[in-house]
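Participant: predicted structure and sequence below. I'll ask about it afterward.
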Amino acid sequence: MAGPSAPRIIRVSETGSTNADAMRLALKGEELPLWVVADQQTAGRGRAGRAWVSPQGNLYASVAFCCAASMEKAGQLSLVAGISLFEAIRIKTDLAPDAGLRLKWPNDILMGAAKMGGILVESTSARGSPGFLAIIGFGLNVRSAPDDLGRAVTALGRHGEVPMPDVLGAALADQTQHWLDLWNSGENFAAVRQAWMDRAGALGEPITVNSTEGPVSGSYRGLSETGALLAEIDGVVREINYGDVALGVASADDGDA
């Protein structure tokens, strides 16, 4: 099947990284799917090796499962996970439709222009043949957000009453199952792609991409059929498969998860 079903959940008060724990337990042969949820992380990790500040009161959760898709589709899991987190928040809070909850490629959840959460996907061929072992990590600022990152960040609690992290985590597990099933190991990615774009910015929105060629500014044009970012740069629509994205024309250095 596409992903987790009736998962086991291990809850800890403190750990280094829920992603690292989930990977370690999966490679030891623990029954999958498996969720690891922590009240606090001491070595939380983001995209490209960045640190993820992880005080108590926020949501830190990772799920490990064997995925039947080909490894080349592993990147699509960031989009599946983003929708899952978006929907868990929508279901368990009373945010107004115009509150500004949205997704940003490839792995961020925002409130307006401020980052509120992120996703870290890791994969290995171990235990996954003919597919792969997938770890999806979620970090969401529920009660607090760091104030010294030099960029706009926020927490869910700044925008209304919020549930306890465990309540939000249970909804996240349900939504992750739902969207992984819909994704169906990539066979139904077209539906996921459209769902993601429905929860992202408007076409034509100015963005800056810190690509392998350096920062380039352009406008957002949606996602390609494989999940790559489409950006119109100097009048040409380009596919971008890796890079940090910032809204507007600011420095694009906010892509950690």
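Facilitator: Ah, there it is.
Participant: host element of the nearest residue to Trp35 once chain neighbours are set aside?
Facilitator: If the residues on either side of it in the chain are set aside, Trp35 comes closest to Ile9, at 4.4 Å by Cβ to Cβ, 6 or more residues apart in numbering. All C-beta atoms are positioned from the backbone trio N, CA, C, and that covers glycine. Assigned by DSSP states H and E, Ile9 belongs to strand 8-12.
Participant: okay, buried residues for the helix or strand just after that strand please.
Facilitator: Past strand 8-12, further along toward the C-terminus, the next helix or strand under DSSP H and E is helix 18-27. The neighbour-count criterion (16 or more other Cβ atoms under 10 Å) identifies 18-23, 25-26 as the buried residues of helix 18-27.
Participant: can you check stretch 80-92 too?
Facilitator: Residues 80-90, 92 are the ones in stretch 80-92 that count as buried (16+ other Cβ under 10 Å).
Participant: repeat for stretch 180-188
Facilitator: 180, 182-186.
Participant: what about the helices in the chain?
Facilitator: 18-27, 76-92, 165-183, 189-198 (DSSP state H).
Participant: turn the ones you listed into a markdown table, columns for mean pLDDT and distance to Met116.
Facilitator: Compiled in a markdown table, those are given as follows (pLDDT from 0 to 100; distance: least, Cβ to Cβ, whole Å):
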| stretch | mean pLDDT | distance to Met116 |
| --- | --- | --- |
| helix 18-27 | 95 | 18 |
| helix 76-92 | 97 | 9 |
| helix 165-183 | 94 | 12 |
| helix 189-198 | 98 | 17 |
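Participant: for those, which one sits closest to Asp108?
Facilitator: Asp108 lies closest to helix 76-92 among the helices of the chain, at 7.7 Å (Cβ to Cβ).
Participant: so which elements touch the closest one?
Facilitator: The criterion is 3 or more Cβ pairs under 8 Å, 6 or more residues apart in numbering; DSSP states H and E, and the helices and strands that helix 76-92 contacts are strand 101-104, strand 108-111, strand 114-124, strand 132-140, helix 165-183, helix 189-198.
Participant: could you check the angle the fourth one makes with helix 18-27?
Facilitator: It stands for strand 132-140. 150 degrees (axes from the mean of the first three to the mean of the last three Cα atoms, to 10 degrees).
Participant: quick one: strand 132-140 to helix 76-92, angle?
Facilitator: Using the same axes, to 10 degrees: strand 132-140 against helix 76-92 is 40 degrees.
Participant: which other helices and strands contact strand 132-140?
Facilitator: Here strand 132-140 is seen to pack against helix 18-27, strand 59-67, helix 76-92, strand 114-124, helix 165-183 when contacts are counted using 3+ Cβ pairs under 8 Å, 6+ apart.
Participant: how distant is it from the center of its chain?
Facilitator: Average the C-alpha atoms of strand 132-140, do the same for its chain, and the two points are 8 Å apart (Cα atoms, centre = their mean, to the nearest Å).
Participant: please apply the same query to the first one.
Facilitator: For strand 101-104, the distance between its averaged C-alpha position and the chain's averaged C-alpha position is 10 Å (Cα atoms, centre = their mean).
Participant: stretch 64-80: how far from the chain's middle?
Facilitator: Between the mean C-alpha location of stretch 64-80 and the chain-wide mean there is a distance of 13 Å, by Cα atoms, centre = their mean.
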